[in-house]
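Peer 1: Quick one: sequence plus predicted model below, questions after.
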Amino acid sequence: MIQINAIGDTCPVPVVKTMNAMKTLSGGGVIETLVDNETSVQNLIRFATNKGCEVHSEQLERHRYKVTITVGAQAGTSEQIAEDAAPIPADRKKNVVVAIASKAMGCGNDELGTALMKGFIYALSQQEELPSTILLYNGGAELSCEGSVSLEDLKEMQSQGVEILTCGTCLNFYGLTDRLAVGEVTNMYSIVEKMTQADLVVKP
């Protein structure tokens, strides 16, 4: 049995921790994940169901839940998971570009939007197939600069070959030119070129 403490972790960390634990199983097994909110419970149930696993949840006390996932031998083998997540050959990979125009995700509450963007970039960094390029412009330029809560996730993706490009005009406008901490400076022509040549453009 593998026990995971995800108390205090925000989306999508509980699911990612559970997914990584599942990859370590050599055959069937049981994973118990502790979380502190109903949303995380539902996310874990959905994840386990999509993986073909048995799943059970229970509330232990206020703000404390346990999700138990029983992984079958086939679903749980590291070989099977590796096969399911096998890298796609280079000639079949899509040219995916992620275009981020704000440090917050969506419209509404800025604090919530900032937390959502942090979660989005973290989740992006955990995908089996990473994007080819991440474009950061307007308010999104702050995310590649010193002090960004997403800086380490962006650096990790860059180390795996993801191109991180930040608009130079935007850096200059916000006074961030000297604070760029990951990737390279780009211009609007290159941004347009990257987006028009992409197989898929993702805009959170």
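Peer 2: Sure thing, it's come through.
Peer 1: Confirm for me that residue 104 is in contact with residue 116.
Peer 2: Yes. Between residue 104 and residue 116 there is a contact at 7.3 Å, judged by C-beta atoms under 8 Å. (Each C-beta comes from the backbone N, C-alpha and C, glycine too.)
Peer 1: buried stuff in stretch 102-116?
Peer 2: 102, 103, 104, 105, 113, 114, 115, 116 (16 or more other C-beta atoms under 10 Å).
Peer 1: Keep only those of these that are in helices.
Peer 2: Secondary structure from DSSP state H places 113, 114, 115, 116 of the buried residues of stretch 102-116 in helices.
Peer 1: who's in contact with the residue nearest to the first one when sequence neighbours are not counted?
Peer 2: To tie it back to what came earlier, the one meant is residue 113. Distances taken as C-beta to C-beta, 6 or more residues apart in numbering place residue 104 nearest to residue 113, at 3.0 Å, with adjacent residues excluded. The neighbours of residue 104, taking C-beta atoms under 8 Å, 6 or more residues apart in numbering as the test, are 110, 112, 113, 114, 116, 117, 139.
Peer 1: farthest pair in those residues?
Peer 2: 112 and 139 (15.3 Å; C-beta to C-beta).
Peer 1: What's the first helix or strand after the helix or strand of the chain with the lowest mean pLDDT?
Peer 2: Lowest on mean pLDDT, DSSP states H and E among the helices and strands of the chain sits helix 78-84, with a mean of 47. Using DSSP states H and E, the helix or strand that follows helix 78-84 in sequence is strand 96-100.
Peer 1: nearest to residue 17, of the contacts of residue 104?
Peer 2: Nearest member of those to residue 17, counting by C-beta to C-beta, is residue 116, at 19.1 Å.
Peer 1: and the gap between the residue nearest to that closest one when sequence neighbours are not counted and residue 68?
Peer 2: Computed as C-beta to C-beta, 6+ apart, the closest residue to residue 116 that is not its neighbour in sequence is residue 105, at 3.9 Å. Going from residue 105 to residue 68 by C-beta to C-beta, to the nearest Å gives 31 Å.
Peer 1: Got the phi and psi for the spatially most central residue of the chain?
Peer 2: With distances taken as C-alpha atoms, centre = their mean, the residue of the chain nearest its centroid is residue 123 (1.0 Å). The phi/psi pair for residue 123 (degrees, to the nearest 10) reads phi -60, psi -40.
Peer 1: Correct me if wrong: it contacts residue 13.
Peer 2: No. With contacts counted by C-beta under 8 Å, residue 123 stays clear of residue 13, the gap being 9.1 Å.
Peer 1: any idea how far residue 181 is from residue 162?
Peer 2: 15 Å.
Peer 1: In this protein, where is pLDDT below threshold?
Peer 2: 73-92 (pLDDT under 70).
Peer 1: Fine by me, thanks again.
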